[in-house]
Structure formats: structure tokens, C-alpha cells
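J.: Okay, sequence plus prediction incoming.
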Amino acid sequence: MRRLWVVMCVLSLGLAACGGDKTANPTEDTKSWQNRSYKILNEGSFSLTDQALVGNASILFTQPLGHIDSNKNFKVGFLLLDQGSVELRSFTNTKLDQGVTLRFSRTGDNLYLTLIAGKSETSPRLLSGINADGYVVLSVDVHNSESPTHILVWEPNITNATDDNALFNSDADATTPGRGVGQFWGLVLNNATVNLLDVTKARFGH
């Protein structure tokens, strides 16, 4: 009987290891926003409405992106106070670490993009033609199947998204300093309001 119990325990552990995490271990702390489950990892002056995430917080969405070697498109709409920022963290672990981060930051009317991976980051790059003193909507491809990760950013009204009509293309504008190693994603808000967020397959394919 003891031998049978040991065998069953080994099999259970093996199945758990092979199956992998399908969610980020949601607990009673898991909340929902626009039918998307999330956990707050760090919270400052933060508030939640049916329409928006507002203030200062680090937010992990519990449903994984899929395979680490996949490509995704993120559509995000936000408002920033001056000197505020919103970070889109992609292909991270469940602590929002070890992924590829796109930091959109506002200085006056200007919107800047910084790419971060590990302990390295690019210099902030101005996204020309975007008025940061207002509502901003961007469409972002993150191609984590490439090394380093390929990042493309478009305005949402672009119907035929290519690397030539992108506001930002990491192959030409600033190389991503690494690649994501996890399956999860989230946001870090700093004096920001986010009211639009969607994840689909990548818009651009090579």
C-alpha cells in the first residue's frame, strides 16, 4: 500500500510539472475588468471602474499569452498626466519580470517610447505626430518568436500594418535589448488612465 501511495504521488507531481501553469495561480485577490482577470501586485493611489484603470499600480493579467515563442498584438488606449507613463509588460513571469517592456511616457505634448529587457533599456524615442496631451490609442505588435524581440507600433487607423508604416519599428529605430522568457503580461500605471485593452494575434507577419 505504501508503494502504491508513493507511485501515485510521483505520478501526480509529474503531471503537474508536464502540464505547466495555465493561469497565474488566481486567488481570492483576483479581480476582473472588462471580462479579464487580473491581480494587483503593487498598488498606490489606484481606482477601478467599469470603464478604466486609474492611477498607480502594477497589474498582472492571469490568463497567459500562450507559447513563449508566439507573436501578439496589444491595442491599448490611455491618458497620461504630464510626466506620467504606462508600461506594457509582455512575455513576463508572474511577477511581471524577465519580459519585454514598452514604456510610454509623457513630457508636455510629447509621447516617448522606451524598450526595456532585463537590466537594459533604450533611450526614449519620440513618437512623432502623437499628441500626448490627450487620449492616445496605439496598436503594438510584440514578436517574441524573434531574438531579440521585434516591436512594432502603429496608430490604430492603419489598416494595412507593415514595418514601413509603423510609428516605431525596433528593427530600424532602436533594437530591443533582449527577449521575453515567460508567458504572462500586464501593465504598470504611473499617473495613468487605461480604458482600452485588447490582445489578439500579431498584425504583421514576415
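T.: Ah, there it is. Numbers count the residues shown, from 1 in each chain.

J.: Please make it C-alpha for all contacts and neighbour counts, starting now.
T.: Fine.

J.: pull the longest strand from this structure.
T.: strand 71-92 (DSSP state E).

J.: in this structure, what spans have low per-residue confidence?
T.: 1-28, 206 (pLDDT under 70).

J.: Mind jotting down where the helices sit in it?
T.: Assigned by DSSP state H, the helices in the chain fall at 2-19.

J.: now the strands: where do they sit in it?
T.: For the chain, the strands defined by DSSP E occupy 31-33, 36-48, 53-61, 71-92, 100-107, 110-117, 120-121, 125-126, 136-143, 150-154, 168-169, 184-201.

J.: The longest strand of the chain packs against which elements?
T.: Packing contacts for strand 71-92, counted by 3 or more Cα pairs under 8 Å, 6 or more residues apart in numbering; DSSP states H and E, involve strand 100-107, strand 136-143, strand 184-201.

J.: what's the angle between it and strand 53-61?
T.: 80 degrees (axes from the mean of the first three to the mean of the last three Cα atoms, to 10 degrees).

J.: beta partners for Ile151?
T.: Ile151 has these beta-bridge partners by DSSP bridges: Val142.

J.: re the thing from before, with only the CA atoms kept, save the longest strand of the chain in CSV.
T.: Only the C-alpha atoms of strand 71-92 are listed here, as CSV (Å, rounded to 0.1, in the frame of the first residue of the first chain):
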residue,chain,number,x,y,z
ASN,A,71,3.6,36.8,-31.5
LYS,A,72,0.9,39.1,-30.2
ASN,A,73,-0.8,42.4,-30.9
PHE,A,74,-1.9,44.6,-28.0
LYS,A,75,-4.3,47.5,-28.5
VAL,A,76,-4.1,50.0,-25.7
GLY,A,77,-5.9,53.3,-25.1
PHE,A,78,-4.7,55.7,-22.3
LEU,A,79,-4.5,59.1,-20.8
LEU,A,80,-1.3,60.3,-19.1
LEU,A,81,-0.7,63.2,-16.7
ASP,A,82,2.4,65.2,-17.5
GLN,A,83,5.5,63.1,-16.5
GLY,A,84,3.2,60.1,-16.3
SER,A,85,3.7,56.7,-18.0
VAL,A,86,2.1,53.4,-18.8
GLU,A,87,4.2,50.3,-19.2
LEU,A,88,3.1,47.3,-21.3
ARG,A,89,5.0,44.3,-20.0
SER,A,90,4.9,41.3,-22.2
PHE,A,91,6.1,37.7,-22.1
THR,A,92,6.9,38.0,-18.4
